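Undergrad: give me a 3D structure for the following:
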Amino acid sequence: MKKVLIDTLNRNGTVLIPAFAFGRTQSLLYVLHELYNENAVPRVPVFVDSPLATNLTRVFGEHPEVYDEDTHETFLEKGHNPFAFKQMNFVRSVEASIELNKREGPQIIVAASGMMEAGRILHHLRYKIHNSKNTILLVGYMARHTLGRRIQEQGLDYAENGRKGDAPLVKILGKEYPLRARVVKIGGFSAHADKVEMLRFLKQSNLRVKKIALVHGEEEQSLPFAEELRGEGYDVSVPRRGESIELK
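TA: Predicted coordinates for the structure are as follows:
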């Protein structure tokens, strides 16, 4: 993340981060706050353009009793709110969001929705997606048939081909735009357990699991995971859309 921020901000661009309002946005703000405190990246303005994320972040900030030891040492003992710092700006009104759309220069914008299917992120994309100075930073899973998935696949393919030729076109709110902005995907912010973590949960939970249905995941991951679970002795199915399973 540090490298992406430095590269984009040094070319006077915007880092546009689509993020879910609950959890993902707060994780991003925490990491950004750490990077700013360490002088690891340019301290440009950071905008959270989501009324829901703004309200949720306030709730996070009001409950330090549930923070872990690292958060206490890094922020609370110094009198700092982990989710607020000098360069932070919460955008509430529609009017302020419209003005932010037009803002140029180095900045970081975090906006919902995370898969770019709705919300204010769509309007920021309209203004930023055509400029190669900007970066669309993907920090979460993009489901099939979402705008986020199309931008991820087309943007990464364009980069792999050396960004040569015409940029791919992406339809946003009924109009096509050239995807000249750089698309970068990083891991580490996912809230989902991976295969190892799910296996550990099953083995250490002391639950008597009679049957497992894998319903949250794409087929190419779900089918091999089902086979691995069967090898561990579990009764597993991967139901198709509309299929019914009887649990006893």
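
Undergrad: how about the strands in the chain?
TA: Per DSSP state E, the chain carries strands over the ranges 14-18, 46-49, 88-91, 107-111, 135-138, 169-172, 175-178, 182-185, 212-213, 236-237.

Undergrad: who are the packing partners of the fourth one?
TA: Here strand 107-111 is seen to pack against strand 14-18, helix 24-37, strand 46-49, helix 121-128 when contacts are counted using 3 or more CB pairs under 8 Å, 6 or more residues apart in numbering; DSSP states H and E. Where C-beta positions appear, they are placed from N, C-alpha and C, glycine not excepted.

Undergrad: okay, angle between the second one and strand 107-111 too, please.
TA: To tie it back to what came earlier, the one meant is helix 24-37. 160 degrees (axes from the mean of the first three to the mean of the last three CA atoms, to 10 degrees).

Undergrad: pLDDT averaged over helix 24-37 - what is it?
TA: Helix 24-37 shows a mean pLDDT of 91.

Undergrad: from the rest of the structure, what touches it?
TA: By CB atoms under 8 Å, 6 or more residues apart in numbering, the residues outside helix 24-37 that reach it are 1-2, 5, 17, 19, 41, 43, 46, 48, 50, 53, 56-57, 60, 71, 74-75, 80, 82-85, 87-88, 108, 110, 112, 114, 139-140, 189, 191.

Undergrad: let's go with 6 Å and repeat that
TA: Outside helix 24-37, the residues that touch it by CB atoms under 6 Å, 6 or more residues apart in numbering are 19, 41, 43, 53, 57, 60, 82-83, 85, 110, 140, 189.

Undergrad: break this structure down into its domains, please.
TA: Using automatic domain parsing, the domain parsing of the chain gives 2-185, 195-237.

Undergrad: now do the first one: distance to the chain's middle.
TA: Taking the mean of its C-alpha atoms, domain 2-185 sits 8 Å from the chain's own mean (CA atoms, centre = their mean, to the nearest Å).

Undergrad: ok, now the last one?
TA: Centroid displacement of domain 195-237 relative to its chain, using CA atoms, centre = their mean, is 25 Å.

Undergrad: quick one: contacts for the residue lying closest to Val170 once chain neighbours are set aside?
TA: Leaving out its chain neighbours, the residue that sits closest to Val170 by CB to CB, 6 or more residues apart in numbering is Leu179, at 5.0 Å. Residues near Leu179 by CB under 6 Å, 6+ apart: 129, 154-155, 167-168, 170.

Undergrad: could those go into a markdown table alongside distance to Asn10, pLDDT and neighbour count?
TA: Formatted as a markdown table, the contacts of Leu179 follow (distance: CB to CB, whole Å; pLDDT from 0 to 100; neighbours: other CB atoms under 10 Å):
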| residue | distance to Asn10 | pLDDT | neighbour count |
| --- | --- | --- | --- |
| Ile129 | 20 | 96 | 21 |
| Gln154 | 25 | 96 | 16 |
| Gly155 | 20 | 96 | 25 |
| Ala167 | 22 | 95 | 18 |
| Pro168 | 25 | 95 | 17 |
| Val170 | 25 | 95 | 20 |
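
Undergrad: which one of these sits closest to Lys248?
TA: Of all the contacts of Leu179, Lys248 sits closest to Gln154, with 45.8 Å by CB to CB.

Undergrad: pretty sure that closest one sits against Pro168.
TA: Yes - counting by CB atoms under 6 Å, Gln154 touches Pro168, with 4.1 Å between them.
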